[in-house]
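J.: quick one: sequence plus predicted model below, questions after.
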Amino acid sequence: MLKPSTPALSPRTVLQRVLRVGLPQVVIVIAAFLYLASTYGTGHDKERQWFFLFRTVVLVMAGTLLSLWAIFFTGWNKKYTILVIGSLIALGWVLFRVEFDGDLKPSLHGRNWWLRQFDMSHEDDVKAHRLQQAATLAKREIDLTARPGDFPGYRGLDRTGMLPAQGLADDWEKNSPRELWKQPIYGGYSAFAVVNGFLFTLEQRDDREAVVCYDAANGNELWVHTWPGRFEESMGGVGPRSTPTVVDGDVYALGSNGHLVCLEGSTGKQKWSVETLEGNRNLQWAMSGSPLVYGDYVVVNPGTQAQQAVGQALVAYDRKTGKKRAAGGKTQAGYASPMLAELAGETHLLVFDGGGLAGYDPLTLEERWRHQWRTQGSDGINVAQPLVVESVREPTPLLGMVAGAAALQPLVERRGQVFIASAYGRGGAMLQVDKEGDGWSVAELWSTGRSTMRCKFASPVLRDDAIYGLDDGNLQCISANDGSVLWTDKRKPREGDGFGHGQLLLVDDLIVVLTQYGEIALVQARPDRFVELGRRKILEGDKTWNNPALAEGVLYIRNHLQMAAVDVRK
C-alpha cells in the first residue's frame, strides 16, 4: 500500500522557516564580528569616536532586526509582542538616560526622579553636604583684592594656560600631592576662577543655573546666585559650560542659554544682566565661551545661528551698566573663548568660531582678517584656544583684565603666528598674520594633517619651540617650526594609563594634566621624550572635562560630581 506523498513546501514557507530559525543566529554572529573587528582591528590612528559610534550603530541595528524577527517570524502573537517590546523601550526611556563620553562611548544613567525614591540622587547628596557644611563652618568676609598669584578666569589671566613657576614638586614619590579637601558638587563643565583665596564657578542646580562663591581654604559655600535655566543633551550632559571672570571685585558669568550677569563679588548681588541670545539660537552643545573683560568692555561670542543675528556674532557690553557698546561678525559661534593677543605689533581680539579663526579690532569689533577652518561632517566644533607663538621664550601675560585703554597697547614683540587645532578630521595648523598697508593678511604656513594634534576639548600649550597638546586623548609634542611629531604617548587612554580628553596647564617646565578620569598627572615639558613624573586619582567619574585652576601652588579641580583642592608644592 502506497503512503500518501508529503505536499511540497512553498518557497515562502521555506523562507519563513529559515528566517525563524536562522535569522537571530546570523544577526548575532555578524554583529559580534563587526563589534570585535572595530575593537581590535587596524586603523586606530583615526579618531576613537568613530569606532565607538560604529559599535553603537551595530548594536542598535542588531536590536532592531531581532525585534522585527520576534514580531514577524516567530509565530508569536504580533499584538502582544509589539506591546512587550514597546513597553520595554518606553520603560527604559523613562527610567534611564544615555550619556556619551568624549569618544562617544555610551553609558546608561538612572533618571533623578526615580533615583530619589531610593535616596540615590547625586543632587540630594550635594544638598545634604551643603547643609552639614553650613552648620559646621563659619563664613568669612569676602575680600577680592587681586594678588599676583591669582587665576581670575578661564585658563588664567591671559587664557593661555601657561603660568610662571610656582614651586611645584617634581618628584611625587618624595613630595606627594596633598589633598586639602574634597566634596560633592552640582553638575556642569565650568572651571574655577580664583581670586585672593576665593573660588567662583557655574553649576546646574535642578532647573536653575547658579554662580557660586566658595572659600578656597575649606570649600565652604559663601554665596550663590541663580536664575531659571537648564541645558541638557546626551553627548555632554547637564549644566553650564563657561567659566566666570573676576575683575576688580565683580564677577561676570555666562549661562549655557546665553544669560550674562554681572555680580558683586563680595555678596553675589546682581548688578545687571542681559540675554545674549535674544533673537538668536543656541548651539548644539550650548554657549561655552567665557566672558572676556578689558577696558570698559565685557565681550561674549554668541555667534549668528539665526539670520536676524548677523552682525552680532561678537558683542561688547559696558562692564558697569550692561549696555551694548559694540558688535560685529556674522559667523556661527564655536566653543572657544574670545581672547586678546599681540600680532604684528597690534592687539587683536581672537575668536575661534564655527567658521575658523578671526581677528577683530578690540574697540570696534570689526573683523580684520579670517582663516577658514571647518571640522569634518559638522561645522563649528572648534573648541581649543588659539595658541600665539611668541618670539619671547617666557610666557608674558596680557593685561587684558585691567581696566583702561592701556590694556590695548602692544606689550611684547611677537612673530605674528597663531597655532589652531581641532578634532573631527582636522588636526592643527600654524598661521602667519601680517599687516599689509591698511589691511591684514593671514596665510597657513604648515598643517599637521588629520592624524596629528587633534585637540578635541583641551587647548595646547607652548614652551620654547615645542607645542604640547592632547591628540584625540593622547599627549603629544610637535615642533612649532614645522609641525613634525616629536613624540606621542600612545598608551590606551584609561584610568592609570594615558590621559583621555582631559585638560592641560603649563607651569614653567612642567605640564599639569587633569585627566578625563579624575586624576592629576605631572609631565616634563621636554621635546626629546615623554616623561611622566607622577599621577594621583582625586575625583570620581570618568568624564572630567573641566579645566583645572592653579593659584599659589594649589590646584583647584572639579567635574560634574566632585570638587577638590590639592597642594602640589614642594
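T.: Noted; the coordinates are in hand.

J.: which intervals of the protein have sub-threshold pLDDT?
T.: 1-21, 41-46, 112-120, 377-379, 390-415 (pLDDT under 70).

J.: for the most centrally placed residue in it, helix, strand, or coil?
T.: For the chain, residue 457 is the residue whose C-alpha lies nearest the centre (CA atoms, centre = their mean; 4.7 Å). Three-state call for residue 457 (DSSP: H, G, I helix; E, B strand; the rest coil): coil.

J.: residues in contact with it?
T.: Listed by CB atoms under 8 Å, 6 or more residues apart in numbering, the contact set of residue 457 reads 102, 383-384, 470, 501, 503, 545. All C-beta spots, glycine's among them, are computed from the backbone N, C-alpha and C.

J.: as CSV, those with neighbour count and secondary structure would be great.
T.: Compiled in CSV, the contacts of residue 457 are given as follows (neighbours: other CB atoms under 10 Å; DSSP: H, G, I helix; E, B strand; the rest coil):
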residue, neighbour count, secondary structure
102, 26, coil
383, 24, coil
384, 25, coil
470, 32, strand
501, 24, coil
503, 23, strand
545, 23, coil
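
J.: out of the residues you listed, which is nearest to residue 483?
T.: residue 384 (15.2 Å; CB to CB).

J.: from what I see, that closest one and residue 455 are in contact.
T.: Yes: A contact is recorded between residue 384 and residue 455 when judged using CB atoms under 8 Å, the distance being 4.0 Å.

J.: find the residues that touch each one of those two.
T.: Contact criterion CB under 8 Å, 6+ apart; residues bridging residue 384 and residue 455 by contacting each: 421-422, 469.

J.: just those now: which is nearest residue 79?
T.: For residue 79, the nearest member of the shared contacts of residue 384 and residue 455 is residue 422. The distance, counting by CB to CB, is 50.6 Å.

J.: so what sits opposite the closest one in the bridge?
T.: residue 427 (DSSP bridges).

J.: distance of it from residue 380?
T.: Computed as CB to CB, to the nearest Å, the residue 422 to residue 380 distance reads 10 Å.

J.: the more surrounded of those two?
T.: For residue 422 against residue 380, the residue with the higher neighbour count under other CB atoms under 10 Å is residue 422, and the figures read 27 against 22.

J.: as a markdown table, the contacts of residue 457 with distance to residue 192 would be great.
T.: Conversion of the contacts of residue 457 to a markdown table gives the following (distance: CB to CB, whole Å):
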| residue | distance to residue 192 |
| --- | --- |
| 102 | 21 |
| 383 | 19 |
| 384 | 20 |
| 470 | 20 |
| 501 | 19 |
| 503 | 12 |
| 545 | 14 |
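
J.: can you give me the strands for the stretch 451-570 of the chain?
T.: Remark: strands assigned in the stretch 451-570 of the chain by DSSP state E, counting those that start in this stretch are 461-463, 466-471, 474-479, 485-488, 503-507, 510-514, 519-524, 532-537, 549-551, 554-558, 562-567.

J.: helices and strands around the third one, which ones?
T.: In this structure, strand 474-479 makes packing contacts with strand 466-471, strand 485-488, judged by 3 or more CB pairs under 8 Å, 6 or more residues apart in numbering; DSSP states H and E.

J.: between the ones you listed, which one is closest to residue 201.
T.: Going through the helices and strands packed on strand 474-479 one by one, with CB to CB as the measure, strand 466-471 comes closest at 22.3 Å.

J.: elements contacting the closest one?
T.: strand 461-463, strand 474-479, strand 503-507.

J.: mind checking which of those strands is nearest residue 92?
T.: Closest to residue 92 of the helices and strands packed on strand 466-471 is strand 503-507 (CB to CB; 33.3 Å).

J.: how about the CA coordinates for stretch 169-178, as PDB?
T.: Below are the C-alpha coordinates for stretch 169-178, written out as PDB (Å, rounded to 0.1, in the frame of the first residue of the first chain):
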ATOM      1  CA  ALA A 169      57.100  69.400  43.500                       C
ATOM      2  CA  ASP A 170      58.600  67.500  40.600                       C
ATOM      3  CA  ASP A 171      59.100  64.200  42.500                       C
ATOM      4  CA  TRP A 172      55.700  62.900  43.700                       C
ATOM      5  CA  GLU A 173      57.300  59.900  45.400                       C
ATOM      6  CA  LYS A 174      59.100  62.200  47.800                       C
ATOM      7  CA  ASN A 175      56.600  65.100  47.700                       C
ATOM      8  CA  SER A 176      53.200  63.600  47.200                       C
ATOM      9  CA  PRO A 177      50.300  65.900  46.300                       C
ATOM     10  CA  ARG A 178      48.300  66.800  49.500                       C
END
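
J.: show residues contacting that stretch.
T.: Counting by CB under 8 Å, 6+ apart, stretch 169-178 makes contact with 510, 520, 522, 524, 533-536, 555, 566-570, all of which sit outside it.

J.: recalculate using a threshold of 6 Å.
T.: Around stretch 169-178, the neighbours that count as contacts under CB atoms under 6 Å, 6 or more residues apart in numbering are 533-534, 536, 566-568, 570.

J.: over to stretch 356-369?
T.: Outside of stretch 356-369, the residues within contact range by CB under 6 Å, 6+ apart are 314, 316, 326-329, 347-351, 370-373, 386, 408, 420, 440, 442.

J.: now list the buried members of these.
T.: Neighbour-count burial within the contacts of stretch 356-369 applies to 314, 316, 326-329, 347-351, 370-371, 373, 386, 408, 420, 440, 442; the criterion is 16 or more other CB atoms under 10 Å.

J.: now do the helices in the stretch 101-250 of the chain.
T.: Using DSSP state H, counting those that start in this stretch, the helices of the stretch 101-250 of the chain run over residues 112-115, 122-136.

J.: please name whichever of these is nearest to residue 51.
T.: Closest among the helices of the stretch 101-250 of the chain, using CB to CB: helix 122-136, at 29.7 Å.
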